[in-house]
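K.L.:
sequence plus the predicted model coming up.
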Protein chains: 2
Amino acid sequence: MPQDEIRARGLRLTPQRQLVLNAVRELGHATPEEIANTVRQMHPGINLSTVYRNLETLETAGFIIHTHLGHGGATYHAADEITHLHLVCGKCGKVDESELADAKDFVEIILKKRGFATDVTHFAIYGTCAACQVK
Amino acid sequence: MPQDEIRARGLRLTPQRQLVLNAVRELGHATPEEIANTVRQMHPGINLSTVYRNLETLETAGFIIHTHLGHGGATYHAADEITHLHLVCGKCGKVDESELADAKDFVEIILKKRGFATDVTHFAIYGTCAACQVK
DNA sequence: TAATTCAGCGCAATTACTTGCAATTAATTC
DNA sequence: GAATTAATTGCAAGTAATTGCGCTGAATTA
């Protein structure tokens, strides 16, 4: 439970912040609009700018992560639920998954050659899924 | 020269479209605003919505690519100039590069295990650069 | 070259997202 | 529990990006 962790970072644990984090966890992949709608079920008067600010604060603190699954807006998910790589088909938009271990050698090559510590959980991999390659 | 290629896809080759493509090539990594400013040097009255639409059309047609280098807006670059992976440091924002060949084995694993054909040129790799790891 | 077609344009409206600021309130201290 | 501090909020304004629509013009055809 990150409530103490939120306070440990000098942040306030406000009801709005707790609700935004809960909504991100509950929804899995979610747009800011979807998160706001979920939060409004418990807190009807919450302002959208409050949701956006909390999303940014929670991401900076490491509790959530955002990715751009295709063009347009970002989607958010809880950081501790990242257990797979996201494979996003550019043709049909389907999101498949692959084990983090599949990127292990690749991550080591980049670290050795460039000194760059990759955060493989923080990006979606674009390409074409098996079904769309047939077309 | 993709002028014939643009027409081959049933698209018109308008002066505005040509200028947008030229601007993306000239600027390398560029935001829509930067692209619009460059285009306006040759075509002062062009509308920003025209720039946005042409960016989307050119990307759909495969001439340019956009990535989200960090939070916020996208940046665009010409598709045929993709020769490296982009390594984006989440701490200082610096963009480093690594050879496409470094992802070769990783791409093969994903294709074999998931049947997913990765387009490695279409994403930025997030993490921490060598300098920021020292901190 | 003129007529025709319809992709593309400019404009204004709209949507998505961010920011400045005064008021509120979570957390701390006494 | 009261006083204090400053992070956070709601609101309105502002910026970034998208969309609907009537008109324009690139490309085709005769």
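P.N.:
On my side now, so go ahead.
K.L.:
mind listing what the residue in chain A that DNA strand C sits nearest to touches?
P.N.:
Going by Cβ to the nearest atom of the strand, DNA strand C is nearest to A:Gly73 of chain A, at 2.8 Å. Backbone N, C-alpha and C define where each C-beta goes, glycine included. Applying Cβ atoms under 8 Å, 6 or more residues apart in numbering or on different chains, we find A:Gly73 in contact with A:Thr31, A:Pro32.
K.L.:
can I take it that it is in a helix?
P.N.:
No. Assignment of A:Gly73 by DSSP: H, G, I helix; E, B strand; the rest coil gives coil, placing it outside any helix.
K.L.:
per-residue pLDDT, it?
P.N.:
With respect to pLDDT, A:Gly73 scores 76.
K.L.:
list, one by one, the residues from chain A near DNA strand D.
P.N.:
By Cβ under 7 Å from any atom of the strand, the residues of chain A that approach DNA strand D are A:10-12, A:14, A:16-17, A:43, A:45-47, A:49-50, A:53-54, A:57, A:71-72.
K.L.:
what secondary structure does A:Gly45 sit in?
P.N.:
Note that with three-state DSSP, the state of A:Gly45 is coil.
K.L.:
burial check on it, number of neighbours?
P.N.:
7 (other Cβ atoms under 10 Å in any protein chain shown).
K.L.:
same question, A:Leu19
P.N.:
Neighbours of A:Leu19 using other Cβ under 10 Å come to 21.
K.L.:
that one in helix, strand or coil?
P.N.:
helix.
K.L.:
number of nearby residues for the residue nearest to it when sequence neighbours are not counted?
P.N.:
Spatial nearest neighbour of A:Leu19, excluding adjacent residues (Cβ to Cβ, 6 or more residues apart in numbering or on different chains): A:Val39 at 4.6 Å. Residues within reach of A:Val39, counting by other Cβ under 10 Å, total 24.
K.L.:
what helix or strand is A:Val39 on?
P.N.:
Using DSSP states H and E, A:Val39 maps to helix A:32-42.
K.L.:
is DNA strand C within reach of that helix?
P.N.:
Yes. Helix A:32-42 is in contact with DNA strand C by Cβ under 7 Å from any atom of the strand, via A:Pro32, A:Glu33.
K.L.:
good, we can wrap up now.
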